[in-house]
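S.K.: Mind folding the following:
(chains A and B)
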There are 2 protein chains.
Amino acid sequence: MEEIKGGVTAAKGFFASSCEANIKYKDRTDMAMVYSKVPCVSAGTFTTNVVKAACVKWDQKVVSSGEALQAVVVNSGIANAATGQQGWDACEKTAKAVEKALGVPYTSVAVASTGVIGAQLPVEKLEKGVETMAKTLDESLEAGTAASKAIMTTDTVNKEIAVCFEISGVKVTLGGMSKGSGMIHPNMCTMLAFLTTDLSIEKTLLQEAVSEVVSDTFNMITVDGDTSTNDTLLVMASGEAKNKMITEKNKDYDTFKEALLFVCESLAKRMAADGEGASKLFEAKVVNAKTKEDAKILSRAIVGSNLSKAAIFGCDANFGRFLCAMGYSGSIFDENDVELYFQSVNGTLQVFDKGTPIEFDEEKALSIMKADTVTVFVDMHEGDASATAWGCDLTHEYVTINADYRS
Amino acid sequence: MEEIKGGVTAAKGFFASSCEANIKYKDRTDMAMVYSKVPCVSAGTFTTNVVKAACVKWDQKVVSSGEALQAVVVNSGIANAATGQQGWDACEKTAKAVEKALGVPYTSVAVASTGVIGAQLPVEKLEKGVETMAKTLDESLEAGTAASKAIMTTDTVNKEIAVCFEISGVKVTLGGMSKGSGMIHPNMCTMLAFLTTDLSIEKTLLQEAVSEVVSDTFNMITVDGDTSTNDTLLVMASGEAKNKMITEKNKDYDTFKEALLFVCESLAKRMAADGEGASKLFEAKVVNAKTKEDAKILSRAIVGSNLSKAAIFGCDANFGRFLCAMGYSGSIFDENDVELYFQSVNGTLQVFDKGTPIEFDEEKALSIMKADTVTVFVDMHEGDASATAWGCDLTHEYVTINADYRS
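M.R.: Next comes the predicted model:
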C-alpha cells in the first residue's frame, strides 16, 4: 500500500465539482458533488442520534435499498436536521435536480448536509448549485481538493487522502475526504466522510469492512461529546480497477481492509486534531484491558473529559483527571492495577504506578506536553485488549466559536 | 417551613470551626470541622466513580457501620484520591487526631477532601489543623459560615442554607453547606455537602429520604460532565430537637423530606450557578416524558452538552443543539412530538413545534437569554413524567481555570 496524492477523484472514473451556492456562507464554495461515471456498489454508516437529519434518513434509504449509488451532493451551512417534511422534500428535490442534470436515477443520488440544525434549506439555491456543478464535473485531483474545501464549516483545514494497493496484481485506488470540527463524538461515524474506490467488491463485504473499520477509527474520536444529527460516511466502489471481484474474506479482502483502515484512521485523526479551537491532537492508548469494549470505553473517556482536555491545553500533567475520567467511564477496574504515562515526540514519563502517584520531573512533563500530539498511555494489567481514541484540547477558541456560531 | 439564617450550625448542638492549615492554598482557611455535642444518626451518598478517594471509602465505612457520627473534618486543596494505602492512612490519622483532641471514637469521625487528585495529603498539617480547630469550635452562625468558606476550591461564593419546620409541634432545624464548582456531574451527589439537623429520626428512614432527595437534586446538576472521585454528601441528625422520633413514613417524615428537598435543591442550584467560569444558571425542564428516567436523561443531556452550554453563554437561541443533545442522550423519542421553548424572567418563546422549527423574533430570544437564569422547556407529549436538571454556561473562564489548575 502506498499513500498517493488526491482524494475523492484519485480512483478511476470519479469526478467532482463544487460551487458557491450562498446557502449561508458568502464568498466561498459551499456545495460539492462527487460523481462516478458508472453505478457503484455502496456502503455507509450513520449517526445513532435519535434526531436524524433528513439527509441521513435519505441516505440510509439509498444505501439499504441495494440499488447503485452514483452521485453524492453535499452542502455546508445548514444541516437540514429537525426540519420535518420540508427537510425530506429538500433531499428529494436535490436528488431530482441531479437526475435532471446528469440523467442518473434520483434514487441513486445521496445527499448530505452540515451546519445549523433547525433551519430549512433554500431548495432553489441547491437546485441551481446542482445545475452549475453538473456542468463542471472534473476528474482532476484539484477538483477533489476543491470539493473537500466546499464541505468545510468550522474546519480550519480540508481533509483528503488517497492510497493505492494491489489486488491480485491489479492496481486499486481508494481516496476520500471528510469534514468535521465541532459536534463530534461519533457513534457511527463523524460528521461527513466520503470515500471512493475503483475496487470491485460485493456490497455486503464492503459494508462489513466499512462497519468494522469505522468502529476503530471514526467512532474513536471525540471533540466535544456531542454526537451530531448528521454523521454520515459513504463509500462508493465502482469496480473500474477491473480486479477480480472480492466475494469472500480472502487475502484481497484483508488488503483492502488494511487500506481502508489507513485511510479512515488518517482522516479521523485529522478531524480530531482540527477539532474546533484545538491546538493539539490528544491521544489515549489503553493496553492490557479486560476486553476490547473496556479499552474503547476507557480511552474515549480520557479524551472526552473536559477537564482532561483543558489540562492538555494548559500542558498540565494533571494525571488525576484521566484516572477520574476512567473511573466514571462505566468500565470496572482496580486502580491498583493501573500504570499511567505521558508520551510525545519529546519523551515518555510515568506518573502513576499501580494505585500510587509517582513524583515526577515537572520540567520533563511540560516538555512532553508541549508537543503537537500528546498521548496518555495506560496499562491496565487486566487482560490483553487495547484501543486508541483521539480528541483534542479544550481551548478558549472552542468557546468563542460556539458561543457565536449561528448568529 | 421557613428559611432562616445560617448553615451547619443552625440546628441545636452543632459546632463548627476552621483554620489555615496551608495544605495547598496560602493566606486562606482550608480546613473545616463540624461537630455535634451528642452522637448522631448519619446517612450519606457517595460518588459512583470507580476511582474513589480514600476519604470516600473511609466515610462509606463510617456511615454503613451503623455507629454514630459525631464529627466531620474537611480539607480543600488536595483530594486524597488515587493515593493508595498512604491515602487511607491519612484518613485514619486525621480521625485519630479528632479522637485525641475531642475524646470521640475515631470510628465516628468522617473525613472529606477536595482538590487535586493524585497528590498525598500532608498529614502533620492536618493533625495540627484538627488540634487548632478542636480548641475553637463554636456554635455561632458565623462559625458555620466560616466553615463553608474553608471548603471552597474554585467556588466563587460559599454555599449554605438553613430552614426550620415543625414536627408534631416541635421546632426542628436543618442546615447545610456545600462546595463544588468543577468536576461536577454527580452520580450520587456533587462534590461535598454536609447537612446537620436536630431532628430525631431512625437511621434507615434518614438514609432513604436522603437517597431519594439526592437523586432529584444533586444528581440533576452538571458543570462539566466529569463525575468526581470525591463526591460526598453527609447528613448528621442529632435528635436534640427532642421531637418524637420518626420511625415510619408518616406526615412528619413527609414534612422533613420536603425541608430536605428544599435545602438540597437550593444548594444544588447554587453549585450549578457557581460552576467553574459560569456566568449564568442553565436549567432544563422536561415535561410529559414517557418515564421519569427518560425525563431525567433528557434534561441532563441538554444541560450537559458543551455546545448547548456555549450557546447559552453566547445568548444564542440555537435550539438545534438541545434537540441534538436529546437525540444522543439514550432516550428514545419521536421529534415530531416535541415542543421546545426558551424561558426566563424576560419571557417565554416557542422555537420548535412537533418536528418543525418556528420562525421567531431574534430580539425577543436575545432578551430572554440575557437573564441570569435561562430555562429550556421541553414538552415531549409522550407521557406524564417530568424532571429538571441544572447546569451552567461554558465560558472562556472555565478553560482558563482548568488549563492552569494544578500548577
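
S.K.: what lines up beside the longest strand along chain A in the sheet?
M.R.: Ranked by residue count and defined by DSSP state E, the top strand of chain A is strand A:31-46. Here strand A:31-46 is paired, per DSSP bridges, with strand A:14-19 (antiparallel), strand A:69-78 (antiparallel), strand A:232-237 (antiparallel).

S.K.: which stretch in the ones you listed is the model least sure about?
M.R.: Lowest mean pLDDT of the strands paired with strand A:31-46: strand A:232-237, a mean of 90.

S.K.: so what's the residue in the stretch 1-150 of chain A that chain B sits nearest to scoring on pLDDT?
M.R.: Nearest residue of the stretch 1-150 of chain A to chain B: A:Ile117, at 2.4 Å (C-beta to the nearest C-beta). Glycine gets a C-beta too; all of them are placed from N, C-alpha and C. Listed pLDDT for A:Ile117 reads 85.

S.K.: For B:Ser238, see how far away it is.
M.R.: 53 Å (C-beta to C-beta, to the nearest Å).

S.K.: out of these two, which sits in the busier spot?
M.R.: Using other C-beta atoms under 10 Å in any protein chain shown as the criterion, A:Ile117 and B:Ser238 rank with A:Ile117 on top: 28 against 23.

S.K.: where exactly do the helices run in the stretch 1-150 of chain A?
M.R.: Using DSSP state H, counting those that start in this stretch, the helices found in the stretch 1-150 of chain A span residues A:54-64, A:84-102, A:123-135, A:141-150.

S.K.: out of those, nearest to B:Leu260?
M.R.: Taking C-beta to C-beta, helix A:84-102 is the member of the helices of the stretch 1-150 of chain A nearest to B:Leu260, at 44.0 Å.

S.K.: Tell me the buried residues in the closest one?
M.R.: Buried residues in helix A:84-102, defined by neighbour count with 16 or more other C-beta atoms under 10 Å in any protein chain shown: A:84, A:87, A:90-99, A:101-102.

S.K.: from the residues you listed, which are also near chain B?
M.R.: A:Gly84 (C-beta under 8 Å from any C-beta of the partner chain).

S.K.: Reformat the buried residues of helix A:84-102 as a markdown table; add pLDDT.
M.R.: Output for those, formatted as a markdown table (pLDDT from 0 to 100):
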| residue | pLDDT |
| --- | --- |
| A:Gly84 | 90 |
| A:Gly87 | 95 |
| A:Ala90 | 97 |
| A:Cys91 | 97 |
| A:Glu92 | 98 |
| A:Lys93 | 98 |
| A:Thr94 | 98 |
| A:Ala95 | 97 |
| A:Lys96 | 98 |
| A:Ala97 | 98 |
| A:Val98 | 98 |
| A:Glu99 | 98 |
| A:Ala101 | 98 |
| A:Leu102 | 97 |
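
S.K.: what's the closest of the buried residues of helix A:84-102 to A:Leu307?
M.R.: The closest of the buried residues of helix A:84-102 to A:Leu307 turns out to be A:Gly87 (C-beta to C-beta; 36.8 Å).

S.K.: okay, now the closest residue to that closest one other than its chain neighbours: neighbour count?
M.R.: Among residues not flanking A:Gly87 along the chain, A:Ala54 sits closest, at 3.4 Å (C-beta to C-beta, 6 or more residues apart in numbering or on different chains). Neighbourhood size, A:Ala54 [other C-beta under 10 Å]: 27.

S.K.: so how far is B:Met326 from A:Glu276?
M.R.: For A:Glu276, the distance to B:Met326 - C-beta to C-beta - is 21 Å.

S.K.: and of the helices of the stretch 1-150 of chain A, who's closest to B:Gln350?
M.R.: It's helix A:84-102; of these, that one is closest to B:Gln350 (C-beta to C-beta) at 15.0 Å.

S.K.: Report the angle between that closest one and helix A:54-64.
M.R.: Counting by axes from the mean of the first three to the mean of the last three C-alpha atoms, to 10 degrees, helix A:84-102 lies at 60 degrees to helix A:54-64.

S.K.: Can you name every helix or strand that helix A:84-102 contacts?
M.R.: helix A:54-64, strand A:69-78, strand A:109-116, helix A:123-135, strand B:356-357 (3 or more C-beta pairs under 8 Å, 6 or more residues apart in numbering or on different chains; DSSP states H and E).

S.K.: if we can go back for a sec, could you name the stretch from the helices of the stretch 1-150 of chain A that's closest to A:Glu160?
M.R.: It is, among the helices of the stretch 1-150 of chain A and with distance given as C-beta to C-beta, helix A:141-150, at 4.4 Å.

S.K.: Which strands and helices lie in contact with the next helix or strand after the closest one?
M.R.: Using DSSP states H and E, the helix or strand that follows helix A:141-150 in sequence is strand A:159-167. Applying 3+ C-beta pairs under 8 Å, 6+ apart, one finds that strand A:159-167 contacts strand A:2-4, helix A:141-150, strand A:170-179, helix A:251-273.
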